[in-house]
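In: take this sequence and fold it.
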Amino acid sequence: MRQGLFCLLLLFSFSVFAQDDELVLKNNSSKTVAETKPPVDLYKIITIERDTIIVDTSLTVQREYKFNYLRKDTFGLLQFLNEGQTYNTLDFGLTHFNPFPEFGFLAKHFNYLEVRDIQYYNVPTPYSDLYFKSVMEQGQNLDAFATANTSKNLNFFAGYKGLRSLGKYKNQLSSTGNFKIGASYNTSDKRYYLKAHFTGQDILNQENGGIVTLSQFEDGDNLYSERPRLDVYFGDAKSLLKGNRFFIDHSFKLSKKPSSLVVNHQFNYEYKFFDYSMTSHQRFGDSYTSYVSNKTRYNRMYNKLGVAYSHKTIGDFNFFVEDYQYNYFYYRTVTQAFGSFVPNSNNDKINTWGANYVYQKNNWKGTFLVSNSITKQSLANLEAQIRYTLNEKNCFLFKYQNMNKLPNLNYVLYQSDYKEYNWFNNFKNEKINNIEFEAQTQWLTASVQYTVLNDHLFFANVNPTYNEFGIADKLIVKPFQYDKTINYLSVKAGKEFKFWNFGLDNTVLFQQVQQSDAILNVPKFTTRNTLYYNNHFFKKALFLQTGVTLNYFSKYYANDYNPLLGEFYIQNQKEIGDFPMLDFFINAKIRTFRVFLKAEHFNSSFTGYDYYTAPNYPYRDFMVRFGVIWNFFS
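Out: The predicted structure follows:
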């Protein structure tokens, strides 16, 4: 596969150099006419919030940051050993809050496409995006996407991202698939708009539980440089998250007048399950069976019906009601030895009312939202956002959120073949107050976030015994609610310096937590610094970019990973961090074809084997990876 792609790259490069920049066509009368190509700014990407983005085929440092499995900038996330596994969160500010109760198993959702991740398109000619990247061992990562307008008002798109990677350690295979298909439509008079999509996703991971003897890794013995020789906890454990979603968002304007009532409706139906299976292992305690198979099922149906009124002077008003129904269930009940009863399901129906107001004039745009439950559940959400755009290079944003959030469902109910992993809880709602300020200026990009958490939910290990490496002998992890206040502050700043063909891009994050107990743990400092050189060659037919990126975070008690629950849990025995991660890259661009070559963590062999993503999960060793992105506009 790799040799075929390399040959394809060479053939394409020669064909590009053999062509003129302006293609020509011959008509029947043997005359030549320049082919007219639509400008790239006509290829539009539209988010569910109706923000418009132009298709980007550039090669910048920011694009280099997004050349990864998630296809987005992962600053603040620390990826596990194998491609397609989970990420440890260094930046708490990346957390998304939803007032409704969600499925849970959050460690398995980093690559799960949510509604906010699906984009819609309007293109003058068919447009496609092909992504390929090599993986750790025996596999590849391919992301293929295509979209086309069958008419000026109707667009269809489809995409599939598939991954298979064996990994460097025992029992570490990743095999994932994300399929999406959708459409957007509007009438010529702009009175009716429709967005719809379907997603089918499966995320399969073998789960080895991390390495057993940390000295095998840390001592740097040549015997264990072959990573399959390292002892791991589980030899046959695996987890599978699978889900299907049907989504529709549409609106109809009652008249052609500029100020008119608009009726809007959003529908979302989703089915998921999380399955974990393995031969029974004492690390999770006693079990009812010799082979453990835990399957948690969930479905939800969401409807939002609203009436909006738009006025050019006073702004846009939208009043809505929401209906949220869910069913989270198992096919059995459990009666524990001490008499407690764990039911087989947790289901409910939640209705809310709300209002949304949008004001936009000149350089100002403000959005305000309030919603509250009208059924017995205590649920509320208040959001405010104000944006001021001084000019193209300077923009300022203020956000405020006050949320009364229902607990995620796996905190409330969970069943397992492991005896200690069965519970049914009645937790209070989480209370979240969040303030953010962001400035994007020609001199500096900076943001400040301050969050106050009350009744915060978390997972923790109740087993107090640890081995000589600071790793728990047993993982008896359960959900808890913190009855005190947590104050979180973060300051992030970014600045890129350019001189001639050189550049230095810097991003620094400072985080501080005030709390009575170590519940929310984050590194105090996280930084990314990239020194690079770029230039055009071959009469500007080739654009080349090369450089070195340093990633670093200070030592802290990082959350550990529990594969049985698909969640991270707090621990206070082993600190990780304070190790540099250096990547060397060479990237090139020929028209809309981009190739990426990276030597990842090339300093691993000479800065010490103390690099971890979780207390007993090592970070990646040095490896060289190759990939391409190819865009087509025809």
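In: going by C-alpha atoms from here, please, whenever you check contacts or count neighbours.
Out: Fine.
In: would you map the strands across the stretch 101-250 of the chain?
Out: With DSSP state E, counting those that start in this stretch, the ranges of strands along the stretch 101-250 of the chain come out as 120-122, 127-134, 140-149, 154-165, 174-186, 192-206, 238-253.
In: centre of the chain to the fourth one, how far?
Out: Right, the one you point to is strand 154-165. In terms of CA atoms, centre = their mean, to the nearest Å, the centre of strand 154-165 is set 16 Å apart from its chain centre.
In: quick one: strands adjacent to it?
Out: Strand pairing for strand 154-165, using DSSP bridges, gives strand 140-149 (antiparallel), strand 174-186 (antiparallel).
In: mind exporting the longest one as CSV, just the C-alpha atoms?
Out: Right, the one you point to is strand 174-186. Coordinates of each C-alpha in strand 174-186 appear next as CSV, following Å, rounded to 0.1, in the frame of the first residue of the first chain:
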residue,chain,number,x,y,z
SER,A,174,-7.7,-0.5,16.8
SER,A,175,-10.3,-0.9,14.1
THR,A,176,-12.7,2.0,13.6
GLY,A,177,-15.2,3.2,11.0
ASN,A,178,-17.1,6.5,10.7
PHE,A,179,-19.7,6.7,7.9
LYS,A,180,-21.7,9.8,7.2
ILE,A,181,-24.1,10.8,4.5
GLY,A,182,-26.3,13.8,4.2
ALA,A,183,-27.9,16.6,2.3
SER,A,184,-28.8,20.3,2.5
TYR,A,185,-31.5,22.1,0.5
ASN,A,186,-33.2,25.5,0.3
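In: okay, the angle between that strand and strand 238-253?
Out: Between the axis of strand 174-186 and that of strand 238-253 there is an angle of 10 degrees, by axes from the mean of the first three to the mean of the last three CA atoms, to 10 degrees.
In: pLDDT on strand 174-186, on average?
Out: Strand 174-186 comes out with an average pLDDT of 97.
In: any chance you could list what contacts that strand?
Out: Counting contacts by CA atoms under 8 Å, 6 or more residues apart in numbering, the residues outside strand 174-186 that touch it are 82-85, 112-113, 120-121, 153-167, 192-206.
In: could you flag which of the residues you listed are buried?
Out: Buried members of those, scored by 16 or more other CA atoms under 10 Å, are 82-85, 112-113, 120-121, 154-167, 192-206.
In: tell me the contacts of the nearest residue to W443 once chain neighbours are set aside?
Out: On the basis of CA to CA, 6 or more residues apart in numbering, the spatially nearest residue to W443 that is not a chain neighbour turns out to be K495, at 7.2 Å. By CA under 8 Å, 6+ apart, the contact set of K495 is W443, L444, T445, D505, N506, T507.
In: ok, back up a step: reformat the strands of the stretch 101-250 of the chain into a markdown table and put distance to S280 next to each item.
Out: Shown next, in a markdown table, are these (distance: least, CA to CA, whole Å):
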| stretch | distance to S280 |
| --- | --- |
| strand 120-122 | 46 |
| strand 127-134 | 34 |
| strand 140-149 | 32 |
| strand 154-165 | 26 |
| strand 174-186 | 22 |
| strand 192-206 | 15 |
| strand 238-253 | 12 |
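In: nearest to R528, of the ones you listed?
Out: Closest to R528 of the strands of the stretch 101-250 of the chain, according to CA to CA: strand 127-134, at 22.3 Å.
In: so in terms of bridging, what pairs with Q325?
Out: Applying DSSP bridges, one finds that Q325 bridges with M301, K349.
In: quick one: it from P101, how far?
Out: Here the distance between Q325 and P101 works out to 10 Å (CA to CA, to the nearest Å).
In: so what's N303 closest to, chain neighbours aside?
Out: Nearest residue to N303, sequence neighbours excluded (CA to CA, 6+ apart): F267, at 4.7 Å.
In: no wait, G577
Out: Nearest residue to G577, sequence neighbours excluded (CA to CA, 6+ apart): K555, at 4.2 Å.
In: same check, this time on F320
Out: Once flanking residues are discounted, F320 sits nearest to G306: 3.9 Å by CA to CA, 6+ apart.
In: the helix or strand harbouring that neighbour: how far from the chain's middle?
Out: In this structure, G306 sits in strand 291-311 according to DSSP states H and E. How far strand 291-311 lies from its chain's middle: 19 Å, per CA atoms, centre = their mean.
In: cool, and stretch 521-540?
Out: Here stretch 521-540 is found 21 Å from its chain centre; the criterion is CA atoms, centre = their mean.
In: then stretch 592-607?
Out: Distance of stretch 592-607 from the chain centroid (CA atoms, centre = their mean) equals 22 Å.
In: and the end-to-end length of stretch 387-401?
Out: Between the opening and closing residues of stretch 387-401 there is a gap of 15 Å (CA to CA).
In: pretty sure Y359 sits against K365.
Out: Yes. Y359 is in contact with K365 according to CA atoms under 8 Å; the separation is 5.6 Å.
In: state the distance from the most centrally placed residue in the chain to N178.
Out: For the chain, the residue sitting closest to the mean C-alpha position, by CA atoms, centre = their mean, is F110 at 4.4 Å. Distance of F110 to N178, computed by CA to CA: 12 Å.
In: what about V307, neighbour count?
Out: 18 (other CA atoms under 10 Å).
In: what of the one 4 residues further on?
Out: Residues within reach of H311, counting by other CA under 10 Å, total 13.
In: skip the chain neighbours and tell me the closest residue to it.
Out: S259 (5.2 Å).
In: that neighbour: what's it in contact with?
Out: When contacts are counted by CA under 8 Å, 6+ apart, S259 touches Y309, S310, H311, K312.
In: any chance of the backbone angles for it?
Out: Comment: the main-chain dihedrals of S259 come out as phi -100, psi 100, following degrees, to the nearest 10.
In: same deal with N410?
Out: According to degrees, to the nearest 10, the main-chain angles of N410 amount to phi -80, psi -10.
In: quick check, it in contact with F105.
Out: Yes. Taking CA under 8 Å as the definition, N410 is a contact partner of F105 at 7.2 Å.
In: for Y121, name its beta-bridge partners.
Out: Using DSSP bridges, the beta-bridge partners of Y121 come out as I45.
In: so how far is N467 from the closest residue to H281 other than its chain neighbours?
Out: In space, and not counting its chain neighbours, H281 is closest to F234: 7.8 Å by CA to CA, 6+ apart. Separation of F234 from N467 (CA to CA) stands at 17 Å.
In: give me the more crowded residue out of those two.
Out: Set side by side, F234 and N467 show unequal neighbour counts under other CA under 10 Å, the larger going to F234 at 22 against 10.
In: show me the strands in the stretch 501-634 of the chain, by range?
Out: With DSSP E, counting those that start in this stretch, the ranges of strands along the stretch 501-634 of the chain come out as 502-514, 525-537, 542-553, 560-562, 567-569, 581-590, 593-600, 612-614, 617-618, 623-633.
In: low-confidence stretches in the chain?
Out: Applying pLDDT under 70 to the chain flags the ranges 1-35.
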